[in-house]
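J.: Got a sequence here, can you build the structure:
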Amino acid sequence: MPLDNAPARFINRQSRKVYTLTTLTATHAVLTRVTDRKVVRVKLAQFREKYTTESNGTTAADAPSKRKKSDEPTGILVPWEQCPLREAVHVNARIAAEVAAGFSLALNAQQLFEHWGHSAFTGKCAINFYGPPGTGKTMMAGAQARVIEKPLYQVDYASVISKYVGDTAKHIKQAFATATELGAVLFFDEADSLLSRRIGSCDNDAAFATSVNQNRNVLMQEMDRFEGVVIFSTNLVENYDPAIMRRIMRHVQFSLPGSAERAAIFADNLGRHAVGVDVNRLVDMSAGLSGSDIATAVVNAFAACSSGPRTTWVLSTASVEAEVIAVQSSRRANSQD
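T.: Purely as a prediction, here's the structure:
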C-alpha cells in the first residue's frame, strides 16, 4: 500500500501505548505518544510491523485514511453563554490574580493605553495556562471568554495536525482566520503539540525537520498578526519553543487544588446530596487529587449507590470515600508505568 494510506492513530503491539502519526518520510515514521506527547522516530519497516490501527488491529501498511477537507472546521465554537461561570472554576488566589492580570490587557486596553501610554496596549492578548491535568485550565479558558462576552473557538488538535506536508500550516492559518471572523477567543488545548521546539535537520529526516519548523514559523506569524485573545493550555510547557514563549504575554501555572478549593469542588459536585456527607473528611483524604479526579470520584459514587429501587439510592460518606480511594489507586498505578 502507498505510504499516504496510513491512518493518523496507532497502537504499539507490544506496549499497547497509543500514538498519533505526525509525519511519514521515505525511510521513517514519526509518532507522538498520546499520554505524554513523547516523540518517537522509528524506521519505516518497524513502523509497518510493530504498530497497528486502534480500530481493527491491521498493520500500518494496510490501514486506509481520509484526508481532511479544506472546508472542514479546525475547532468547535462555544457561545460565551454556554461557557462556565468564573465562580465555578475553583483555583487559589495566586492563579486567580494572575489570570485576571493577564486578561486585563483585553478588558481594559483603552484605559491602560491612556494611562501608561505604551503601544503594547492594543487589546490583543496571548496567555498560556500550564500545569498538571485536571486543574481547571480548560474551564478557565471558557470562563474568561464568558467574562469578556466573546465566544470560545476551541481548536481540535486532531483537525490541525496532519501527516500531509503543508496541511498543518494551512489548518493553523484557518484557525486564526476563523477566530478573527467570529470575533472569538482562540483556544489551543494540548498546545505543546503545536508549540514544541524547532528541530535541526539531519540525514534522512531533513524533510520532517523542515515541515515541523515551517509549522512553528507559520504559528508565530499568525500570533503576531492576530488582534484578539488567544489562550494556550498544556501539561508540558517545557516542550515549548523559546521563540513562541517570548510571544506569549503571560504564563500562568495551574496547581493541584488546596483544601479550600477541594471543599468547593466537592460542594459543587455533590450539590444537594452533600447533606449527610462529611465533606471535611473527604477534603482531608483527597490531598493530591485534581478537580477532575474529585468530579470523577463523586460521579462514580452516585453510580455505585444507584442499584436497586430508587427509594434506596442514598449517598454516604463511605461511598464517596471508596471512590476517592479508587481514583488514588489508579493514579499511583499510572505513575508507575
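J.: State the distance from residue 270 to residue 314.
T.: Separation of residue 270 from residue 314 (Cβ to Cβ, to the nearest Å): 13 Å. C-beta: built from backbone N, CA, C; applies to glycine.
J.: more neighbours, these two?
T.: residue 270 (19 against 9; other Cβ atoms under 10 Å).
J.: Show me the contact partners of whatever helix or strand the more buried one lives in.
T.: Using DSSP states H and E, residue 270 sits in helix 259-270. With Cβ atoms under 8 Å, 6 or more residues apart in numbering as the test, helix 259-270 has contacts from 88, 90-92, 257, 274, 277, 279-280, 282-284, 286-287, 289, 291, 294-295, 298-299, 315, 320.
J.: List the ones among these that fall in strands.
T.: Per DSSP state E, strands hold no members of those.
J.: Mark which of the residues you listed are buried, thanks.
T.: For the contacts of helix 259-270, a burial check counting by 16 or more other Cβ atoms under 10 Å picks out 90-91, 257, 274, 277, 279, 282-283, 286, 289, 291, 294-295, 298, 315, 320.
J.: Between which two of the residues you listed is the distance greatest?
T.: Across those, the longest distance by Cβ to Cβ is 26.3 Å; it joins 91 and 315.
J.: quick one: contacts for the residue lying closest to residue 297 once chain neighbours are set aside?
T.: Counting by Cβ to Cβ, 6 or more residues apart in numbering, the nearest residue to residue 297 once its immediate chain neighbours are dropped is residue 323, at 4.1 Å. Counting by Cβ under 8 Å, 6+ apart, residue 323 makes contact with 296-298, 300-301, 304.
J.: Make a markdown table from those and add pLDDT and distance to residue 185 to it.
T.: What follows is the contacts of residue 323, written out as a markdown table (pLDDT from 0 to 100; distance: Cβ to Cβ, whole Å):
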| residue | pLDDT | distance to residue 185 |
| --- | --- | --- |
| 296 | 96 | 27 |
| 297 | 97 | 31 |
| 298 | 97 | 29 |
| 300 | 96 | 32 |
| 301 | 96 | 34 |
| 304 | 94 | 38 |
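J.: Average pLDDT for stretch 125-134, rounded please.
T.: For stretch 125-134, mean pLDDT is 95.
J.: Tell me the first helix or strand C-terminal of the strand or helix carrying residue 145.
T.: Following DSSP H and E, one finds residue 145 within helix 137-147. As assigned by DSSP H and E, the chain's next helix or strand after helix 137-147 is strand 152-155.
J.: Quick check: which helices or strands does that following strand pack against?
T.: strand 75-78, helix 137-147, helix 167-182, strand 185-188 (3 or more Cβ pairs under 8 Å, 6 or more residues apart in numbering; DSSP states H and E).
J.: Apply 10 Å and report the result again.
T.: Applying 3 or more Cβ pairs under 10 Å, 6 or more residues apart in numbering; DSSP states H and E, one finds that strand 152-155 contacts strand 75-78, helix 137-147, helix 167-182, strand 185-188, strand 229-234.
J.: So which bits of the helix or strand following that strand are buried?
T.: Of the helices and strands lying after strand 152-155 in sequence (DSSP H and E), the nearest is helix 157-160. If you call a residue buried by 16+ other Cβ under 10 Å, then helix 157-160 has these buried ones: 157, 159-160.
J.: likewise stretch 313-328?
T.: By neighbour count on 16+ other Cβ under 10 Å, the buried set for stretch 313-328 is 315, 319-321, 323-324, 327-328.
J.: Reformat the residues you listed as JSON lines; add distance to residue 234 and pLDDT.
T.: Shown next, in JSON lines, are these (distance: Cβ to Cβ, whole Å; pLDDT from 0 to 100):
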{"residue": "315", "distance to residue 234": "35", "pLDDT": "95"}
{"residue": "319", "distance to residue 234": "35", "pLDDT": "96"}
{"residue": "320", "distance to residue 234": "31", "pLDDT": "97"}
{"residue": "321", "distance to residue 234": "33", "pLDDT": "97"}
{"residue": "323", "distance to residue 234": "28", "pLDDT": "97"}
{"residue": "324", "distance to residue 234": "27", "pLDDT": "98"}
{"residue": "327", "distance to residue 234": "23", "pLDDT": "96"}
{"residue": "328", "distance to residue 234": "25", "pLDDT": "96"}
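J.: Just the helices from the chain, written as ranges.
T.: According to DSSP state H, the chain carries its helices in the segments 44-50, 93-107, 109-116, 137-147, 157-160, 167-182, 192-195, 206-225, 242-247, 259-270, 279-285, 291-304, 317-335.
J.: And residue 140, how far from residue 250?
T.: Residue 140 sits 13 Å away from residue 250, taking Cβ to Cβ as the criterion.
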